[in-house]
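Visitor: Return atomic coordinates for the entry below.
(one chain, ligands or ions: 1)
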Amino acid sequence: MPPEEEEQLGAVETAPLQQVRGLTRVRLKLLVLSGPDVGRSVSLEPGAYRIGSAPSCEIALSDKTVSRQHLRLEVREDGVRAVDAGSRNGSYCEQMRFSELEVRVGAVLQVGTTEFKLVPEESRERVVPPSSRESFGALVGGSRPMRELFTLLERLAAGDSDVLVQGETGTGKELCAEAIHQQSKRSQGPFVIVDLAGVAPSLIESELFGHVKGAFTGAQGDRAGAFERANGGTVFLDEVGELPLELQPRLLRALERRQVKRVGANDYRTVAMRVVAATHVDLEGAVKAGKFRRDLFHRLAVLRVTLPPLRERPEDIPLLVDTVLRRMEKPPGALSEQTRALLAQYPWPGNVRELRNVVEQVVNLGEESLPEMTPDPLELSAGAGSAGLDLPFKEAKERLIEGFERDYFRSLMERCEGNVSRASREAGIDRFYLRKLLKKHGLDGH
Ligand SMILES: Nc1ncnc2c1ncn2[C@@H]1O[C@H](COP(=O)(O)OP(=O)(O)OP(=O)(O)O)[C@@H](O)[C@H]1O
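Guide: Numbering: from 1, shown residues only. As a prediction, the model looks like this:
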C-alpha cells in the first residue's frame with residue numbers, strides 16, 4: 001500500500017513517544033482532537049502562545065466554552081509549560097485540573113470542550129473522527145477509543161490490504177478479524193482461522209501450506225493448507241508471533257506473491273486471500289530480540305489496529321455487560337445494581353473475555369458465585385491509605401486519587417439521585433467535566 005493511503009486510513013502508529021520524551025530540540029505541533037476546530041494542527045516554534053476564543057490569541061479557537069484568554073503555552077527548545085490564564089471553567093490534563101504544568105509530549109489537554117495533544121512535528125498521527133456507531137460486527141463499545149477504532153475498521157474493511165490486529169488477550173482480536181471479513185467484499189468467501197499458539201510447531205507448516213501424500217509420516221493423503229482453503233476469503237492467523245523463525249520466509253512469500261507450496265510438493269499454487277494476523281505480544285520487541293523477522297513484521301504491519309484494554313475504557317463496561325446479557329437472552333435486570341457497580345470498578349486484566357465469563361457465571365449460578373473481585377488496587381480510598389506505599393510515588397498518588405474520585409462521585413450521585421445538574425452544583429464543578437468523570441468511573445448510569 002502506498003504511504004499516502006496508509007496515512008489516510010490513519011491506522012499507522014507513530015514512533016514511540018519515549019524517543020522524544022527528552023525533548024531535545026524536537027519540534028512539536030498541537031493537534032486538535034475534539035471540539036469545533038477538530039483536525040486543526042499548529043506548528044509550535046519556541047515562543048509563547050495564547051490559546052483562547054479571542055481572535056487576538058495566537059491559537060484562536062472557535063469553541064464558545066473556551067474563555068477569551070484561556071491558556072498560555074510556553075514553548076522552549078527543551079520543553080513546554082502550560083499555564084491556565086484565569087479561565088472560567090479551567091484547564092485539564094488527563095482529567096485533572098491544573099493551573100501550571102510541564103507538558104509531556106503526547107499528553108492530551110482540555111480547555112472547554114476542546115481537547116488537543118502535543119505531538120512531534122513529523123508525527124503522521126491524524127485525528128480519527130469517532131464513528132457514530134457503537135459496534136463493528138460483534139464488537140461493541142461506545143468509548144472514544146473504540147469509536148475511533150470503528151472508524152478505522154470501517155475504512156480498512158472496504159479495502160483489501162492485509163491487517164495486523166494488536167491487543168492484550170481477551171480484547172476481541174478474533175471478533176475484529178471476523179468483522180473485517182464480514183464487512184469486506186470477500187464476505188461470501190471462507191473465513192479460515194489458524195491459531196498458531198494451538199498447533200504443534202512441527203505441524204504448523206502443513207497446517208498453513210498443506211501437504212502431499214507421503215510428505216511425512218502420517219501424511220496419508222493430499223491436504224490443502226489454510227491459505228488454499230481460504231481462497232476467495234480471509235485467513236485469520238492468530239498469535240502470529242508464535243510462527244517459528246524458519247517458516248517466516250514462507251509466510252512472507254505467501255503475503256508478497258500470494259503463492260503457496262504444499263509440504264512435499266514442487267509447484268506453487270496461487271491463492272487469492274486476505275490475511276488478518278493478530279498478536280498479543282509486542283512484535284517490534286520480538287524483532288529486536290531476533291525472534292521475528294523484520295521484513296515480515298514490516299509486511300504484516302502495513303496496516304495495524306490496536307484494541308485498547310478494558311481498563312482504559314471502563315465506560316464501556318455497562319454496555320458490554322448488557323451485550324453479554326442480551327446474547328444470553330437475559331433481561332438487563334438479571335444483574336443487581338450492586339453487582340453492576342462491582343463489575344464497573346474492576347480493572348479486568350483478562351479484558352472482555354474475563355468480563356463475559358464472570359457475567360455468565362453470575363447469571364447461571366447466582367450472585368453469591370461472584371468471585372472475589374479484589375478491586376483495582378486503586379480502590380484504596382483515602383482512609384485505607386497504607387496499601388500502595390511500596391509503589392513509585394507518582395503511581396501511588398494517582399491510584400489514591402482515582403479511588404477517592406470513584407468514592408466521591410458514587411456518593412455524590414447517590415445523594416443527588418443521579419441528577420447531574422444538581423450534582424454539578426453541589427460539587428462545584430462544571431457539568432461537562434462531571435459527566436466525563438462519571439463516565440470514566442462507569443457511574444453514568446447507562
Ligand atoms: N468489544 C467487544 N464487544 C463484545 N464482545 C467482546 C468484545 N471484545 C471481546 N469480546 C468477547 O470476549 C471474547 C474474547 O474475544 P476474542 O476471542 O476476540 O479475544 P482475543 O483478543 O482474540 O483473545 P486472545 O488473544 O486470547 O485470543 C469473545 O468471545 C467476545 O465474546
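
Visitor: Check the secondary structure at the nearest residue to residue 297 once chain neighbours are set aside for me.
Guide: Distances taken as CB to CB, 6 or more residues apart in numbering place residue 287 nearest to residue 297, at 5.0 Å, with adjacent residues excluded. Where C-beta positions appear, they are placed from N, C-alpha and C, glycine not excepted. For residue 287, the assignment made with DSSP: H, G, I helix; E, B strand; the rest coil gives helix.

Visitor: Does residue 287 touch residue 301 like I think?
Guide: No: when contacts are counted by CB atoms under 8 Å, residue 287 is not listed as touching residue 301 (9.8 Å).

Visitor: surely residue 146 meets residue 314?
Guide: No: counting by CB under 8 Å, no contact exists between residue 146 and residue 314, whose distance comes to 11.9 Å.

Visitor: Please enumerate the shared neighbours of the two.
Guide: Contact criterion CB atoms under 8 Å, 6 or more residues apart in numbering; no residue bridges residue 146 and residue 314 by contacting each.

Visitor: how many neighbours does the residue in the chain that the ligand sits nearest to have?
Guide: Closest contact between the chain and the ligand, by CB to the nearest ligand atom, is at residue 172 (2.7 Å). Here the number of neighbours of residue 172 (other CB atoms under 10 Å) works out to 26.

Visitor: Please determine how far it is located from residue 124.
Guide: Relative to residue 124, residue 172 is positioned 26 Å away (criterion: CB to CB, to the nearest Å).

Visitor: again, but for residue 189
Guide: From residue 189 over to residue 124 the distance is 33 Å, taken as CB to CB.

Visitor: now swap in residue 238 and tell me
Guide: Applying CB to CB, one obtains 28 Å for the distance of residue 238 from residue 124.

Visitor: Just give the nearest non-adjacent residue to residue 72, would you?
Guide: Closest residue in space to residue 72, ignoring its immediate chain neighbours: residue 83 at 4.7 Å, by CB to CB, 6+ apart.

Visitor: you'd agree the one you found is up against residue 74?
Guide: Yes: with contact taken as CB under 8 Å, residue 83 and residue 74 are classed as touching, separated by 7.0 Å.

Visitor: For residue 239, which non-adjacent residue is spatially closest?
Guide: Distance criterion CB to CB, 6+ apart; nearest residue to residue 239, sequence neighbours excluded, is residue 197 at 4.0 Å.

Visitor: Residue 87 against residue 111, yeah?
Guide: Yes: at 6.8 Å, residue 87 and residue 111 qualify as touching, with contact defined as CB under 8 Å.

Visitor: Just give me how far the host helix or strand of residue 165 sits from the chain centre.
Guide: When secondary structure is defined using DSSP states H and E, the element that contains residue 165 is strand 163-167. Distance of strand 163-167 from the chain centroid (CA atoms, centre = their mean, to the nearest Å) equals 11 Å.
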